[in-house]
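J.: Okay, predicted coordinates and the sequence, questions at the end:
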Amino acid sequence: KMHPIRLSIPSFRSENSSVEKGFTVFKIDVLVNGRLHSVEKRYSEFHALHKMLKKSIKPPEIPSKHVRNWVPKVLEQRRHGLELYLQTVIMENEVLPKIFLDFLNVRHFPSVPKTESCGLFFLLLFFSKLSHQPVVVYLRDPYLLPSALDTFSNVVIEGVVDGVFYPDFQPR
């Protein structure tokens with residue numbers, strides 16, 4: 001069964017702060033029902049997720065916590081290992097734990113009961129942040145001719161209507 005959720009870790013970057021020693025941030029692209037968003041996580045957050053997942057499922061092996069040197073090749077191996085880790089959790093679990101969905105910044109709503117869905121299991125996944133622009137709302141259908149209360153007529157609509165219904169009409 002295919003999940004409505006896909007993910008990849010396309011990139012990583014190094015962060016250096018004066019407070020603590022440098023660390024690496026991994027960018028996770030999450031595609032849910034055709035909508036894409038990204039989250040950034042440090043390895044320590046992956047490790048914390050792994051410990052939490054062990055309480056409810058049997059997660060796959062996570063890449064080693066200890067890395068000798070932070071050369072790009074080693075970081076690339078870690079990126080690939082973490083990507084495989086997340087993808088394996090998705091593939092091996094029909095129901096994804098809430099902690100996993102929270103980690104990916106995906107909001108989870110209860111599924112349709114199995115009896116109603118004829119034995120198929122559906123996850124309704126929504127984003128915790130809107131990923132679209134504000135919507136323009138019309139108080140009435142903008143494609144209808146203006147009402148008699150309009151002080152200005154709509155020249156475009158009148159022109160289209162005249163063109164469709166009176167194609168031979170020639171304005172003076």
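T.: Everything's here; your move. Quick caveat, the model's predicted, so the values are computed rather than measured. Numbers count the residues shown, from 1 in each chain.
J.: contacts, neighbours, all on C-alpha from now
T.: Fine.
J.: Now do the closest residue in space to Leu31 that isn't next to it in sequence against Lys98, distance only.
T.: Of all residues not flanking Leu31 in the chain, Arg6 sits nearest, at 5.0 Å (CA to CA, 6 or more residues apart in numbering). Using CA to CA, to the nearest Å, Arg6 is found at 16 Å from Lys98.
J.: contacting residues around the strand or helix carrying the residue nearest to Leu31?
T.: Secondary structure from DSSP states H and E places Arg6 in strand 5-15. Under the criterion CA atoms under 8 Å, 6 or more residues apart in numbering, residues 22-33, 79-80, 82-83, 86-87, 90 lie in contact with strand 5-15.
J.: elements contacting the longest helix seen in the chain?
T.: For the chain, the longest helix by residue count, based on DSSP state H, is helix 72-92. Counting contacts by 3 or more CA pairs under 8 Å, 6 or more residues apart in numbering; DSSP states H and E, helix 72-92 packs against strand 5-15.
J.: Pairing partners for the strand it packs on, with directions?
T.: strand 23-32 (antiparallel) (DSSP bridges).
J.: Could you look up the next helix or strand downstream of the partner strand?
T.: According to DSSP H and E, the helix or strand after strand 23-32 is strand 35-42.
J.: Okay, now the sheet partners of that next one, with direction.
T.: Strand 35-42 sits in its sheet next to strand 23-32 (antiparallel), going by DSSP bridges.
J.: more neighbours, Arg6 and Lys98?
T.: Each of Arg6 and Lys98 has its neighbours counted (other CA atoms under 10 Å); Arg6 has more, 17 against 14.
J.: Next one, pLDDT for the more buried one please.
T.: Confidence at Arg6, expressed as pLDDT, is 91.
J.: likewise the one 5 residues further on?
T.: Listed pLDDT for Ser11 reads 96.
J.: same deal with Asp162?
T.: 75.
J.: Number of residues surrounding it?
T.: 13.
J.: Surely it is within a strand?
T.: No - assessed with DSSP: H, G, I helix; E, B strand; the rest coil, Asp162 is helix; it does not lie in a strand.
J.: Could you check how far it is from Val155?
T.: Counting by CA to CA, the gap from Asp162 to Val155 is 10 Å.
J.: again, but for Thr24
T.: 59 Å.
J.: Settle it for me: which of the two has more neighbours?
T.: When neighbours are counted by other CA under 10 Å, Thr24 and Val155 differ, and Thr24 comes out ahead with 18 against 9.
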